[in-house]
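> Turn this into a structure:
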Amino acid sequence: MRRAIFLDRDGVINRAIVRDGKPYPPANLTQMEILPGVPSALTALHNAGFMLIVVTNQPDVARGTTSREVVEEINQYLAQCLPIDEFRTCFHDTGDDCDCRKPRPGALFAAAQLHDIDLKTSYMIGDRWRDTEAGQRAGCKTIFIDYGYDEKQPESVDFCVRSLTDAAQVILGETA
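Next up, the predicted model:
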């Protein structure tokens, strides 16, 4: 079985747009900024044998405030710049009651089944409670990147860090 790092997108890989203490995705490719240290952190994790799978909620598509094409353009850009193996994007909103929208773990389970991933030896990295809760529900270790957003915080996580670089150091230290 393989090991994977499941990553939220906005706030973990690229800079989230923070308004009134709450994070939002970039509205388009011109607002896209890969966070410092992300390329080297992802390369180190990939070289250590982890699959890198982005699991992202993009409810603005269901809400009609952004297009699916914009989200896919951003994902394609990130895929060209970074060693990401797969993107799993949920375009639904909370009321749609789908299994792929975090905090539900459906996207993680689907990726695990497709790629023969051992969820117990895998990690979910996110900057919001929905990310870490999805990881916990899937049986992964969880890493919370704490930016101090003005919103609900995770109830419990395995590790709390300040950046993806810090998260990679934790993972590589644990698996060395």
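> Surely Glu73 forms part of a helix?
Yes: counting by DSSP: H, G, I helix; E, B strand; the rest coil, Glu73 is part of a helix.
> Please shift the residue numbers so they start at 58 in all later answers.
New numbering, starting at 58: the last item is Glu130.
> list the contacts for Phe216?
Lys198, Thr199, Ile200, Phe201, Ala224, Val227 (C-beta atoms under 8 Å, 6 or more residues apart in numbering). Heads up, the C-betas are built off the backbone N, CA and C, glycines and all.
> Narrow these to those in helices?
Ala224, Val227 (DSSP state H).
> Kindly reformat the contacts of Phe216 as a markdown table containing pLDDT.
Output for these, formatted as a markdown table (pLDDT from 0 to 100):
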| residue | pLDDT |
| --- | --- |
| Lys198 | 98 |
| Thr199 | 98 |
| Ile200 | 98 |
| Phe201 | 98 |
| Ala224 | 98 |
| Val227 | 97 |
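> Among the contacts of Phe216, which one has the most neighbours?
Most neighbours among these, by other C-beta atoms under 10 Å: Ile200, with 27 neighbours.
> my guess is that one contacts Ile182, does it?
Yes: Ile200 is within contact range of Ile182, at 4.6 Å (criterion: C-beta atoms under 8 Å).
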